[in-house]
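Peer 1: sequence first, then the predicted structure:
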Amino acid sequence: MTSLTFWKHLTKQANSAFEREHYPLAETLYRQSIALMKIALAEKPEKRKTEDPEMMQIICLSVSIQNLADLYARQGRWQRCFTTLESYLSLYERAAADTLSPPHVSLTFMQEGCRLRRELLRHRASCKCPHSIDTHTSAAISPMPELVH
């Protein structure tokens with residue numbers, strides 16, 4: 001069984017546990033899927049199975065991180081949610097900036113890093129205002145300058 005096949009199996013079970021509100025089980029399974037993808041990404045390219053491309057592993061890791069953050073948010077464990085997303089966002093940004101990585105790998109890290117940032121912002125908004133996103137931004141409140149360059 002390839003790492004991606006096993007990841008799909010773990011994620012399906014974790015999502016099912018999440019839907020049934022079996023949060024401790026869902027958390028354990030999401031953490032296992034994260035660990036699985038981290039191990040798969042750490043493998044040397046020559047040992048990596050051809051049916052498990054590195055870009056898919058990067059995306060699967062990101063999905064598992066987002067799922068775990070959603071679980072923490074559902075439970076109201078906001079600090080854990082934010083810390084999880086922030087720590088992996090930092091790792092994704094560093095990996096995207098790695099000049100030794102092939103461009104397609106760096107781009108995948110960058111794209112998934114953007115998704116992690118989006119989720120972080122979404123959860124921060126949900127934490128502050130659980131039923132709607134605040135429509136008053138500092139840009140809307142501050143006056144516009146006469147001349148904008």
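Peer 2: Looks like it arrived, so ask away. Residues are numbered from 1 along each chain as shown.
Peer 1: so residue 4 makes contact with residue 57?
Peer 2: Yes. Applying CB atoms under 8 Å, one finds residue 4 in contact with residue 57, separated by 7.2 Å. C-beta here means a position set from N, CA and C on the backbone, and glycine is covered the same way.
Peer 1: the two - which one has more neighbours?
Peer 2: The neighbour comparison of residue 4 against residue 57 (other CB atoms under 10 Å) goes to residue 57, with 23 against 19.
Peer 1: quick one: buried residues of the lengthiest helix in the chain?
Peer 2: Counting residues, the longest helix in the chain under DSSP state H turns out to be helix 103-128. Residues of helix 103-128 classed as buried by neighbour count (16 or more other CB atoms under 10 Å): 105-106, 108-109, 112-113, 115-116, 119-120, 122-123.
Peer 1: next one: stretch 37-44
Peer 2: Those would be 37, 40-41, for stretch 37-44 by 16+ other CB under 10 Å.
Peer 1: now it: mean pLDDT?
Peer 2: The average pLDDT for stretch 37-44 rounds to 87.
Peer 1: cool, stretch 65-84 as well?
Peer 2: Per-residue scores along stretch 65-84 average to 96.
Peer 1: and for stretch 124-139?
Peer 2: Here the average pLDDT along stretch 124-139 is 58.
Peer 1: show residues contacting whatever helix or strand residue 59 lives in.
Peer 2: Take DSSP states H and E as the rule and residue 59 turns out to sit in helix 54-74. For helix 54-74, contacts defined as CB atoms under 8 Å, 6 or more residues apart in numbering pick out 3-4, 7, 11, 14-15, 18, 23, 26-27, 30-31, 33-34, 37-38, 40-41, 45, 48, 78, 80-81, 84-85, 88, 92, 104-105, 108-109, 112, 115-116, 119-120, 123, 126-127.
Peer 1: cool, stretch 18-29 as well?
Peer 2: Residues outside stretch 18-29 that contact it (CB under 8 Å, 6+ apart) are 10-11, 13-15, 17, 67-68, 70-71, 74-75.
Peer 1: tell me the angle of the helix holding residue 59 relative to helix 103-128?
Peer 2: 10 degrees (axes from the mean of the first three to the mean of the last three CA atoms, to 10 degrees).
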